[in-house]
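S.K.: coords please:
(one chain, ligands or ions: 1)
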Amino acid sequence: MNRIRPFPVAAWLAAISLTVACASAVRTPAPGPVSPIVPVAFGLRVAEQYRVAAITTRRFTHETFWRAVEPSISSGALRSEEVGRSLQGRPIRSVTFGTGGTTVLLWSQMHGDEATATMALADVFRFLAEASTDPVRERMRARLTIVFVPMLNPDGAELFQRESATGIDINRDARQLATPEARTLKSLRDRIRPDFGFNLHDQSARVLAGPRGRQVAIALLAPPFGVDRGYDDVRSRARLVASVIARTLGGEIPGRIARYDDTFNPRAFGDLMQQWGTSTVLIESGALPDDPEKQRLRALNVAALLAALDAIASGSYAGADPNAYESLPGNRGGASDVLVLGGQLVLPGMPATRADIALVYDDALARTGAKVRDVGDLREAVAIDTVDAAGLFLHPQQASLTVENGGVWLRIGAAAAIDLRRGADAASELVRTVGTPGESPTPNR
Ligand SMILES: [Zn+2]
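M.R.: Below you'll find the model as predicted:
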């Protein structure tokens, strides 16, 4: 799998020092695009070095999170305050770093089961709280006031569900502001009037980059502020920041970054933040192979956020190429998890039937609880993984079959464990098995 590549620290630090020296020599408070964008390796190194070890999986509670970040919060470099309470009374806290003139607001986990960015923020806090001198940290401290609201939906996080305790999707409550969580975010925005915003989410693992692309690890959006999806200065700045992130992560997860659908949603926070004048970027963490707890995505979030924040601090975002964002493939949902193409389906005692089979997992990240989604001519279907079964015979295992009144059925929705064999004979050579053999149809996850 992908590993952190060696990174020419000296060369890059030299570039930063040079930039800082030039900037201070001419005393321009907000220089143009003269600073380099921090490379992904810097953020990945921070993610590794400052990883908060108390958080190791994507499901954790409000209490666990705040206990884990307490050492960073109490360091003196960060300022924390309660900005609201959830419906069930859990404190919603902001964490602020820096005293600069440009204000940035980041909020995570307004959907309670979307915790990747919250994990990343724990690591970012630890990096920001560190006492040693780091040019990126110092530049952000001097030029930005960064206000983080991690885990905006603590009641949802408690049960690891998307919605708030009322069942309301907080990201469809930006217009009505019926929930205390949405009101908290709106009143904080109105108080600090951020120049930039980051709306941090997780998206389905079953999304491809383009019609037949790879599984999306990160999707980006500079949300529209109206139905015509036009660009004013506010949205244009957001697009430049999104371009910085696309460029930063591009070499690390090639083909796995997509652009989120930009249909205007009059109830969503990203869209209304843009309308309210905050240049807002949506970051959606999707999935990566062999990363069921999203720990690698957590590190990529750290890298994306540090690159974006530093580009805002230095002003270098203004020199980004908007095409780095515009040229991203669109998010394409609806994929199955596994598609078995080209085989012959064999039910016991029946002649073989030419059939493709699509499977979905109950848990697309852990890849457990496979179910039959579709059977037949599926040549136009898309999936995260496609298995070429040309010349092979598909033998559903017993657990996949319904046997009743002397008949045998393969039913849609059945637990999927399918043996791919060389012949129609159930005793012929086994090539591989797809699905999850031996699992109960609905695993307790
Ligand atoms: Zn979400």
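S.K.: use CA for all of it now, contacts and neighbours both
M.R.: Noted.
S.K.: residues touching Asp113, list them.
M.R.: Going by C-alpha atoms under 8 Å, 6 or more residues apart in numbering, Asp113 touches 59, 156-157, 160-162.
S.K.: could I get those as JSON lines with secondary structure, pLDDT and distance to the ion?
M.R.: Below are these laid out as JSON lines (DSSP: H, G, I helix; E, B strand; the rest coil; pLDDT from 0 to 100; distance: C-alpha to the ion, whole Å):
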{"residue": "Arg59", "secondary structure": "coil", "pLDDT": "97", "distance to the ion": "15"}
{"residue": "Gly156", "secondary structure": "helix", "pLDDT": "98", "distance to the ion": "12"}
{"residue": "Ala157", "secondary structure": "helix", "pLDDT": "98", "distance to the ion": "12"}
{"residue": "Phe160", "secondary structure": "coil", "pLDDT": "97", "distance to the ion": "12"}
{"residue": "Gln161", "secondary structure": "coil", "pLDDT": "97", "distance to the ion": "11"}
{"residue": "Arg162", "secondary structure": "coil", "pLDDT": "98", "distance to the ion": "7"}
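S.K.: return the member of those residues nearest to Phe148.
M.R.: Closest to Phe148 out of the contacts of Asp113 is Ala157 (17.2 Å), distances taken as C-alpha to C-alpha.
S.K.: how deep is that closest one tucked in, by neighbour count?
M.R.: Neighbourhood size, Ala157 [other C-alpha atoms under 10 Å]: 25.
S.K.: now it: how far from Phe65?
M.R.: 11 Å (C-alpha to C-alpha, to the nearest Å).
S.K.: most surrounded residue in the contacts of Asp113?
M.R.: The most neighbours of any of these, using other C-alpha under 10 Å, belong to Gly156, which has 27 neighbours.
S.K.: what sits against the residue nearest to that residue when sequence neighbours are not counted?
M.R.: Leaving out its chain neighbours, the residue that sits closest to Gly156 by C-alpha to C-alpha, 6 or more residues apart in numbering is Gly112, at 4.2 Å. Applying C-alpha under 8 Å, 6+ apart to Gly112 gives the contacts 151, 153-164.
S.K.: and this protein, which residues reach the ion?
M.R.: By the rule C-alpha under 5 Å from the ion, the part of the chain lying against the ion is 111, 201.
S.K.: what residues are up against whichever residue of the stretch 151-300 of the chain sits closest to the ion?
M.R.: Nearest to the ion, among the residues of the stretch 151-300 of the chain, is His201, at 4.3 Å (C-alpha to the ion). Residues in contact with His201 (C-alpha under 8 Å, 6+ apart) are 108-111, 114-117, 282-285.
S.K.: same thing but at 7 Å, please
M.R.: Counting by C-alpha atoms under 7 Å, 6 or more residues apart in numbering, His201 touches 108-109, 114, 117, 283-285.
S.K.: cool, Leu378 as well?
M.R.: With C-alpha under 7 Å, 6+ apart, Leu378 has these contacts: Asp356.
S.K.: SS state for it?
M.R.: coil (DSSP: H, G, I helix; E, B strand; the rest coil).
S.K.: who's the residue nearest to the spatial centre of the chain bridged to?
M.R.: Geometric centre of the chain, nearest residue: Ser285, 0.7 Å, by C-alpha atoms, centre = their mean. Beta bridges link Ser285 to Asp202, Ile218 when assigned by DSSP bridges.
S.K.: surely it and Ala217 touch.
M.R.: Yes. Ser285 lies in contact with Ala217 (C-alpha atoms under 7 Å); the separation is 5.8 Å.
S.K.: count of residues packed around Arg67?
M.R.: 12.
S.K.: using CSV, write out every CA atom in the helix or strand harbouring it.
M.R.: Element membership of Arg67, judged by DSSP states H and E, is helix 62-73. Provided in CSV are the C-alpha atoms of helix 62-73 (Å, rounded to 0.1, in the frame of the first residue of the first chain):
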residue,chain,number,x,y,z
HIS,A,62,-17.7,12.9,23.1
GLU,A,63,-16.3,12.0,26.5
THR,A,64,-13.5,10.0,24.9
PHE,A,65,-12.6,12.7,22.5
TRP,A,66,-12.4,15.6,25.0
ARG,A,67,-10.4,13.5,27.4
ALA,A,68,-8.0,12.6,24.6
VAL,A,69,-7.4,16.2,23.6
GLU,A,70,-7.3,17.7,27.1
PRO,A,71,-3.5,17.8,27.3
SER,A,72,-3.4,19.8,24.1
ILE,A,73,-6.3,22.1,25.1
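S.K.: tell me what that helix is packed against?
M.R.: Here helix 62-73 is seen to pack against helix 116-129 when contacts are counted using 3 or more C-alpha pairs under 7 Å, 6 or more residues apart in numbering; DSSP states H and E.
S.K.: heading C-terminal from the helix it packs on, find the next helix or strand.
M.R.: Reading on from helix 116-129 to the C-terminus, the next helix or strand found by DSSP H and E is helix 135-143.
S.K.: now do the buried residues in that following helix.
M.R.: Using 16 or more other C-alpha atoms under 10 Å as the test for burial, helix 135-143 gives 136-141, 143.
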